[in-house]
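Enquirer: attaching a predicted model along with its sequence, questions to come.
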Amino acid sequence: MRAEDFGDPLGWSAVAPRTTASPAFPSMSPRVVALRRVVISALVLVVGMAVASGCGTSQDSPTGSESASVPSEDSEATTTEVSTAQSESGAGSDSESEQDEIARTIDSYRDFNERQARLRANEPRDVPNSALAPRHLNVEAFPVSLVDRNLIVNGGPPPDGIAPIDEPNYEAVADVDWLDPDEAVLTLIDGDEAQAYPIRIVMWHEIVNTAIGDDPVVVTYCPLCSTGVAFDRVVDGELFDFGTSGSLYQSNLVMYDRQTESLWTQFDGVAVVGDRVETQLPFRPVATVSWAEFAAAHPDGQVLSLDTGFDRPYGRNLYASYEDRDAPLGGYFSGDADPTLPAYERVIGFSTESGATAVPAEALAGVGITTVEDVVVWHVDGMTSPLSGADVAGGEVIGSTGAFVSAVDGVATNFSANGDGTFVDAATGSTWNGLGQAVAGPAIGQRLERVGHIDAFWFSWATFQPDTAVHLPG
């Protein structure tokens with residue numbers, strides 16, 4: 001099955017874990033220690049990304065992604081957090097030398113980022129018309145940009161500092177003994193072929209250049225937006241390979257293709273600036289489900305192996321407690337998030353004939369199933385969040401979701417939840433699992449038509465789909 005068979009279902013064509021005990025800064029006063037920890041916490045995601053790149057912040061090669069500097073919002077957010085910490089810890093009477101020390105911590109980090117960005121800007125690229133930051137700011141070279149090019153900002157590591165997997169290895173479901181049953185995996189299905197991409201791996205790489213069947217595809221994951229998305233890598237006969245640009249757009253991963261070094265937003269697979277601007281990658285439906293769900297539904301499936309060619313502490317969560325935030329990270333996100341829902345509320349987003357729709361995941365979990373026009377959306381309990389704890393496994397239970405055309409054999413019908421992670425259709429009385437497979441009844445062995453959807457934090461969905469409707473189940 002080709003990617004174009006799915007059409008354009010979404011309408012897209014038009015931190016490092018916290019530690020509890022630390023003898024850090026033993027020679028400093030308690031007030032300085034407290035203030036400095038606040039500064040460090042404001043920068044923890046950048047440090048985590050540098051760890052993911054395997055090159056740390058002390059490397060000679062740059063850690064910036066070639067934007068001119070961290071936006072002013074970053075410094076404003078940091079200053080606010082320091083001021084808050086001062087008032088809360090009684091540090092208002094700190095000596096001038098102590099406050100100077102905190103200021104030097106902030107300024108040193110900012111200066112370091114700016115120096116590294118300047119270095120990257122002066123490095124030659126093999127591609128003559130590269131749009132990698134900060135080159136994307138050159139209006140003469142790139143007169144068209146589909147987004148505000150000034151909002152494509154430094155994310156931390158250099159291009160491919162967070163190393164994509166270009167030669168993935170897979171193992172059989174039966175051979176996997178290193179995944180927790182409730183652990184989250186991205187699933188890519190094409191006919192009888194099924195692949196699982198454990199988030200414990202893709203969190204550290206964000207991009208996998210691979211294939212399913214004879215079709216080259218790219219599987220992507222942006223931890224900051226909680227978006228797992230896949231695309232066809234062939235457009236108009238041209239094959240693309242993708243890397244991590246080191247930049248972010250409104251907290252979303254910005255990819256680049258190695259053929260032209262154009263910049264592509266991961267959320268929608270669109271080239272936003274560069275020689276391939278306005279090119280749309282064909283969408284591939286991906287579901288985020290528990291390992292147990294995938295293994296039960298696809299015992300003959302393939303699983304991305306830990307044998308990636310990289311030495312990473314797979315299973316550790318770089319973004320612990322990140323999803324507990326109230327607002328997107330300053331410096332990576334400009335402006336205010338849409339206030340309709342909390343910024344980090346999880347939603348299931350998709351498009352119908354009426355336009356983009358978001359279903360709040362927590363509300364869906366309360367009822368189990370809902371229907372939006374001709375789309376049935378359901379929730380299966382069990383899957384844990386890969387972003388809530390110090391480890392990917394064992395996080396907060398959030399459950400998994402699925403979206404399908406509400407029809408069996410082309411005949412529209414209603415579905416209801418059985419309460420055990422399965423669903424029954426009114427037309428045939430068949431029982432369906434969370435991945436849309438009939439496991440009992442007259443339709444056994446059939447599959448429901450998948451609706452391309454994306455599981456995301458609300459702020460990200462609303463950024464890319466600003467005219468979205470919100471459907472509250474029940």
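Expert: Cool, the structure landed.
Enquirer: for the residue nearest in space to the middle of the chain, give me its contacts.
Expert: Centroid check for the chain by CA atoms, centre = their mean gives C222 as the closest residue, at 2.0 Å. C222 makes contacts with E206, N252, L253, Q266, F267, S460, as judged by CB atoms under 8 Å, 6 or more residues apart in numbering. All C-beta spots, glycine's among them, are computed from the backbone N, C-alpha and C.
Enquirer: between those, which is nearest A292?
Expert: E206 (24.7 Å; CB to CB).
Enquirer: buried stuff in stretch 130-147?
Expert: By 16 or more other CB atoms under 10 Å, the buried positions in stretch 130-147 come out as S130, A131, L132, A133, P134, R135, H136, L137, F142, S145, V147.
Enquirer: helix/strand/coil for the first one?
Expert: So that's S130. In terms of secondary structure, S130 is coil; the call rests on DSSP: H, G, I helix; E, B strand; the rest coil.
Enquirer: ok, it - contacts?
Expert: Applying CB under 8 Å, 6+ apart to S130 gives the contacts E261, G274.
Enquirer: and for D391, the neighbour number?
Expert: For D391, the neighbour count with other CB atoms under 10 Å is 18.
Enquirer: sorry, slip of the keys, the one I care about is S251.
Expert: Neighbours of S251 under the rule other CB under 10 Å: 25.
Enquirer: so it sits right up against P223, yeah?
Expert: No: the criterion here is CB atoms under 8 Å, and S251 misses it with P223 at 9.8 Å.
Enquirer: for the stretch 151-300 of the chain, which spans come out with low pLDDT?
Expert: Scanning the stretch 151-300 of the chain for pLDDT under 70 picks out no residues.
Enquirer: on that earlier part again, once you drop chain neighbours, what's closest to the residue nearest to the centre of the chain?
Expert: L253 (4.0 Å; CB to CB, 6 or more residues apart in numbering).
Enquirer: after the host helix or strand of that neighbour, next one along is what?
Expert: Counting by DSSP states H and E, the element that carries L253 is strand 252-257. Sequence order places strand 263-265 as the next helix or strand after strand 252-257, per DSSP H and E.
Enquirer: tell me which residues in whichever helix or strand comes after that next one are buried?
Expert: As assigned by DSSP H and E, the chain's next helix or strand after strand 263-265 is strand 270-273. By neighbour count on 16+ other CB under 10 Å, the buried set for strand 270-273 is V270, A271, V272, V273.
Enquirer: same check on stretch 261-278?
Expert: 261-277.
Enquirer: remind me which residues of the stretch 1-150 of the chain are low pLDDT?
Expert: Residues of the stretch 1-150 of the chain that meet the cut-off, pLDDT under 70, sit at 1-122.
Enquirer: mind redoing it with 90?
Expert: Where the stretch 1-150 of the chain drops to pLDDT under 90, the residues are 1-126, 128.
Enquirer: distance of the residue nearest to C222 from S305?
Expert: Distance of L253 to S305, given as CB to CB, to the nearest Å: 23 Å.
Enquirer: those two: who's more crowded?
Expert: Using other CB under 10 Å as the criterion, L253 and S305 rank with L253 on top: 26 against 16.
Enquirer: isn't that one up against G269?
Expert: No: look at L253 against G269 with CB under 8 Å: they stay out of range, at 11.1 Å.
Enquirer: helix/strand/coil for the closest residue to D338 other than its chain neighbours?
Expert: Sequence neighbours aside, A462 is the residue nearest to D338 in space, at 3.7 Å (criterion: CB to CB, 6+ apart). At A462 the chain is in helix, as set by three-state DSSP.
Enquirer: so what's A462 scoring on pLDDT?
Expert: Looking at A462, its pLDDT stands at 98.
Enquirer: isn't it up against T468?
Expert: Yes: the criterion here is CB under 8 Å, and A462 meets it with T468 at 6.2 Å.
Enquirer: intersection of neighbour lists for these two?
Expert: Common contact partners of A462 and T468 (CB under 8 Å, 6+ apart): A358.
Enquirer: ends of stretch 256-274, how far apart?
Expert: The first and final residues of stretch 256-274 sit 9 Å from each other (CA to CA, to the nearest Å).
Enquirer: same thing with stretch 453-465?
Expert: End-to-end for stretch 453-465, by CA to CA: 13 Å.
Enquirer: just to revisit the earlier point, so A462 and T468 - more neighbours on which side?
Expert: Applying other CB under 10 Å to A462 and T468 shows that A462 carries more neighbours, namely 23 against 20.
Enquirer: who's in contact with the more buried one?
Expert: A462 neighbours (CB under 8 Å, 6+ apart): A337, D338, T340, L341, A358, T468.
Enquirer: of these, just say which sits nearest to V408.
Expert: A358 (25.9 Å).
Enquirer: and the nearest residue in space to V234 that is not next to it in sequence, what are its bridge partners?
Expert: Distances taken as CB to CB, 6+ apart place P216 nearest to V234, at 5.8 Å, with adjacent residues excluded. Counting by DSSP bridges, P216 forms beta bridges with A211.
Enquirer: what's the burial count for P216?
Expert: Residues lying near P216 (other CB under 10 Å) number 16.
Enquirer: T352 too?
Expert: A count of neighbours around T352, defined by other CB under 10 Å, yields 16.
Enquirer: skipping adjacent residues, who's closest to it in space?
Expert: Leaving aside its chain neighbours, T352 sits nearest to E373 (4.5 Å; criterion: CB to CB, 6+ apart).
Enquirer: pop out the phi and psi values for the one you found.
Expert: phi 50, psi -120 (degrees, to the nearest 10).
Enquirer: how near is it to V405?
Expert: 10 Å.
Enquirer: neighbour count for the two, which is higher?
Expert: When neighbours are counted by other CB under 10 Å, E373 and V405 differ, and V405 comes out ahead with 16 against 11.
Enquirer: give me the pLDDT for the more buried one.
Expert: So V405 comes in at 97 (pLDDT).
Enquirer: with A327 instead?
Expert: A327 is given a pLDDT of 95.
Enquirer: for it, which residues are in contact?
Expert: Residues near A327 by CB under 8 Å, 6+ apart: F333, D336, A337, A343, F459.
Enquirer: pretty sure it is in a strand, no?
Expert: No: counting by three-state DSSP, A327 is not found in a strand; it is coil.
Enquirer: how close does it sit to F459?
Expert: Distance from A327 to F459, counting by CB to CB: 8 Å.
Enquirer: overlap in contacts of those two?
Expert: Each of F333, A337, A343 lies in contact with both A327 and F459 under the rule CB under 8 Å, 6+ apart.
Enquirer: could you dump those residues into a markdown table and include pLDDT and neighbour count?
Expert: Shown next, in a markdown table, are the shared contacts of A327 and F459 (pLDDT from 0 to 100; neighbours: other CB atoms under 10 Å):
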| residue | pLDDT | neighbour count |
| --- | --- | --- |
| F333 | 96 | 24 |
| A337 | 97 | 21 |
| A343 | 98 | 20 |
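Enquirer: how about the secondary structure of R200?
Expert: What three-state DSSP gives for R200 is helix.
Enquirer: nope, E362 is what I was after
Expert: With three-state DSSP as the basis, E362 sits in helix.
Enquirer: buried residues in stretch 291-308, which are they?
Expert: 291-298, 301-306, 308.
Enquirer: good, wrapping up.
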